[in-house]
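Asks: From the sequence below, what's the structure:
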Amino acid sequence: MADQMKPTSATEQEFGQTTSRIPVPNGNAAQMRAQHWDLHNPMAFIHTRDDEPRLPAFGGEFQPGLYKSVEARKFANPAPLGLSAFALTTFVLSAVNLGVRGVSAPNIAVPLAFGYGGLVQLLAGMWEMAVGNTFGATALSSYGGFWIAYGILLTPGWNILGKGGPYMTEATMAVDPKMGESAVGFFLTGWFIFTTILLLCTLRSTVMFFMLFFTLDLAFLMLACGAYANDNNAMEASHKLNQAGGGFGMLAAFLAWYNAFAGIADSSNSFFLIPVFHFPWSEKGREDRIAAKSERDQA
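Replies: Residues are numbered from 1 along each chain as shown. Here you go, the predicted structure:
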């Protein structure tokens, strides 16, 4: 058995795929994939072939790891569409949370939540699945679902939080007159947890991509805490927390637009490209350090 074992490749080590307990016959990567498809995540071997071009992560691709060139795909990059849908809807709701121009009713976000941030972003997530981007499909589809759910929450016809609704009956108000605020807090806390999971997956990508999820994560946290503070009748704290959530949401919206522009702009349509700032520990960061060390050694 020992002579049938192959040491783990550098790529497998890079992506955390260990095959030390699996007999791998001598052969190319395609044979290895075919014979051990059922023992691995199908994405485990996506970049094991040397002749497959691999590009470093950048926010416009919505792929936190190394990815295949867009030129090798039959589909366009759906990430900028999903990012733009998320950005505009988040921008409008965050402006309301900040109280810009005295607007306090969030219902203006409902049509965007259904049509753009919801439906269009969900479709972009499905297209991400078609191009083989698990992270992009999960993130964009989920946040598309979030906006649809939030639109339903604010639609008067559903009356989820309004007078006579399930949280404002005589029975519920006898227990807690503001039970609906805690219920919204649960809703937002769940999205905070989900966004934290995605945030951890961006630590090896780019600064701008990471900052998008970092600011969004803080926005969900602030808004959830604001809802809980409202239920506790801490109105001043609730107001400040909602404003903080609006501020972080506004940052997330502009970072989403920034990453969307990174995915749209190229030499055919723009006079300049924007930087995405790779982390020093990312693949691109390591390449830059090796190149800089080589230049110093030659000097």
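Asks: Alpha carbons of stretch 100-119, as PDB, please.
Replies: Output in PDB follows, covering the C-alpha atoms of stretch 100-119 (Å, rounded to 0.1, in the frame of the first residue of the first chain):
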ATOM      1  CA  VAL A 100     -31.200  61.300   6.700                       C
ATOM      2  CA  ARG A 101     -33.500  64.300   6.000                       C
ATOM      3  CA  GLY A 102     -35.700  63.200   8.800                       C
ATOM      4  CA  VAL A 103     -37.000  60.100   7.000                       C
ATOM      5  CA  SER A 104     -37.700  57.400   9.600                       C
ATOM      6  CA  ALA A 105     -40.200  55.000   7.900                       C
ATOM      7  CA  PRO A 106     -38.300  52.200   6.200                       C
ATOM      8  CA  ASN A 107     -41.100  51.200   3.800                       C
ATOM      9  CA  ILE A 108     -39.300  52.900   0.800                       C
ATOM     10  CA  ALA A 109     -37.000  49.900   0.900                       C
ATOM     11  CA  VAL A 110     -39.800  47.400   0.300                       C
ATOM     12  CA  PRO A 111     -39.900  47.700  -3.500                       C
ATOM     13  CA  LEU A 112     -36.200  47.500  -3.700                       C
ATOM     14  CA  ALA A 113     -36.100  44.600  -1.300                       C
ATOM     15  CA  PHE A 114     -38.500  42.700  -3.500                       C
ATOM     16  CA  GLY A 115     -37.300  43.700  -7.000                       C
ATOM     17  CA  TYR A 116     -33.600  44.500  -6.900                       C
ATOM     18  CA  GLY A 117     -32.000  43.400  -3.600                       C
ATOM     19  CA  GLY A 118     -34.300  40.400  -3.500                       C
ATOM     20  CA  LEU A 119     -35.200  38.900  -6.900                       C
END
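Asks: just use 11 as the starting number from now, easier for me
Replies: Noted, 11 is the first residue going forward, which turns the last one into stretch 110-129.
Asks: Pretty sure residue 222 sits against residue 267.
Replies: No: assessed by Cβ atoms under 8 Å, residue 222 is found out of contact with residue 267, at 9.8 Å. C-betas here are computed from N, CA, C, even on glycine.
Asks: So which bits of stretch 93-111 are buried?
Replies: Across stretch 93-111, burial judged by 16 or more other Cβ atoms under 10 Å covers 93-108.
Asks: one step back: the more surrounded of residue 222 and residue 267?
Replies: Remark: of residue 222 and residue 267, residue 222 carries more neighbours, 29 against 19, as counted by other Cβ atoms under 10 Å.
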